[in-house]
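In: Prediction below, plus the sequence it came from.
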Amino acid sequence: MKYSLIILFVYSFSLSANIFEDISCGKYDASIYPSKTEFKGSVESEITEIGIEEFFNEVDKIDPSEPQWLFSLVDRETGKYKKSFPRKAPNSNSGVVIEHQTIQPHLIYRVGDNILASSNNGEFGGSLVLIDKNNKVTLIEEMNIEDIYEMPFGLVITSGLAHMSWNYGDIYLVNEYFQLEKLYSLVGMPQSSWLLENGDLLINSYPSGSQVLTKNGYMKRVQCIANKSLKQDK
């Protein structure tokens, strides 16, 4: 019985040691993503006491279950847009002002006549918005976006956050209506990602751990050999 347990332990250890597939990971090459443009993201805020009545007149046209936010396009080429919302007046116990945030996304991805614009501000949040052919800006989801890729089965998004005790990551599929469908959870926040030569998507999670979303839509754990290049911050 004792020897049987030892053999079982050794066999189990052998299996666990081989759960990661060794692959050549290559490196990120921005030139192979013609639909994608990256920027240094930013958020600029302005508070105003004028236009409050006009703001609420516009908000009344929105579904009451949705946040009281209004979006407008600033620059289609860069995907820059403005987000306006009411807030309590600073240094006052009463009164309302309108805060206007001018947001430069970190990344825009062109899908036909439409643009997906994504932001990632770490613990301060992020967002994914749709800019349609008529320049209407629509919020898809509040989330931190790491990157966007075209896969054989559709457009996918890597997202996540690592802050204090939180560390999570997810992969989503963007459907034909520009709605998100969760595909998989990651082992942690995606730090970097890129397409491999065979068409699979490599995702490197924080603090360490890599996985691949295959071009057939399956996930597997991997470890890079010989090449540990990561996408460089801009």
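Out: On my side now, so go ahead.
In: tell me the pLDDT at the spatially most central residue of the chain?
Out: Taking C-alpha atoms, centre = their mean, the centroid of the chain lies closest to residue 145, which sits 1.5 Å from it. Residue 145 carries a pLDDT value of 97.
In: Ignoring the adjacent residues along the chain, who's closest to it?
Out: residue 118 (3.5 Å; C-beta to C-beta, 6 or more residues apart in numbering). The way it works is simple: take the backbone N, C-alpha and C, and place the C-beta from them, glycine included.
In: got it, and residue 183?
Out: Distances taken as C-beta to C-beta, 6+ apart place residue 171 nearest to residue 183, at 4.7 Å, with adjacent residues excluded.
In: close enough to count as contact, the one you found and residue 154?
Out: No. Between residue 171 and residue 154 there is no contact under C-beta atoms under 8 Å: 11.3 Å.
In: And those two? Which one has more around it.
Out: When neighbours are counted by other C-beta atoms under 10 Å, residue 171 comes out ahead of the other of residue 171 and residue 154, with 24 against 14.
In: can you give me the helices in this structure?
Out: Taking DSSP state H to define them, one finds helices in the chain at 2-17, 52-59.
In: Now do the shortest one: everything it contacts.
Out: Looking back up the chat, that one is helix 52-59. Contact with helix 52-59 is made by 68, 70, 84, 86, 96-98, as judged by C-beta atoms under 8 Å, 6 or more residues apart in numbering.
In: mind checking how far it is from the chain centre?
Out: Put simply, helix 52-59 sits 31 Å off its chain's centre (C-alpha atoms, centre = their mean, to the nearest Å).
In: what is the rounded mean pLDDT of stretch 187-199?
Out: 95.
In: And stretch 163-175, by the same measure?
Out: Stretch 163-175 comes out at a mean pLDDT of 94.
In: what does that stretch contact?
Out: 116, 122-123, 146, 153-162, 180-190, 203, 205-207, 213, 219.
In: Quick one, which of those are buried?
Out: The neighbour count (16 or more other C-beta atoms under 10 Å) marks 116, 146, 155-162, 180, 183-184, 186-190, 203, 205-206, 213 as buried among the contacts of stretch 163-175.
In: Inside strands: which ones of these?
Out: Judged by DSSP state E, these include 116, 146, 155-162, 180, 183-184, 190, 203, 205, 213 as members of strands.
In: For residue 218, see how far away residue 188 is.
Out: Separation of residue 188 from residue 218 (C-beta to C-beta, to the nearest Å): 19 Å.
In: thought residue 187 was touching residue 204?
Out: No. Here residue 187 does not reach residue 204: they are 9.9 Å apart, not a contact under C-beta under 8 Å.
In: re the thing from before, where among the helices of the chain is average confidence lowest?
Out: Among these, helix 2-17 carries the lowest mean pLDDT (a mean of 44).
In: mind listing what residue 30 touches?
Out: By C-beta under 8 Å, 6+ apart, the contact list for residue 30 reads 36, 38.
In: Over to residue 209?
Out: For residue 209, the contacting residues are 187-188, 221, by C-beta under 8 Å, 6+ apart.
In: do that again at 10 Å, thanks
Out: 20, 169, 186-188, 191, 203, 221-223 (C-beta atoms under 10 Å, 6 or more residues apart in numbering).
In: lowest-confidence helix or strand of the protein?
Out: helix 2-17 (a mean of 44; mean pLDDT, DSSP states H and E).
In: rewinding a little: write down the beta-bridge partners of the residue nearest to the centre of the chain, one by one.
Out: Bridge pairing for residue 145 (DSSP bridges) gives the partners residue 159.
In: Check residue 192 too.
Out: Assessed by DSSP bridges, residue 192 has beta-bridge partners residue 204.
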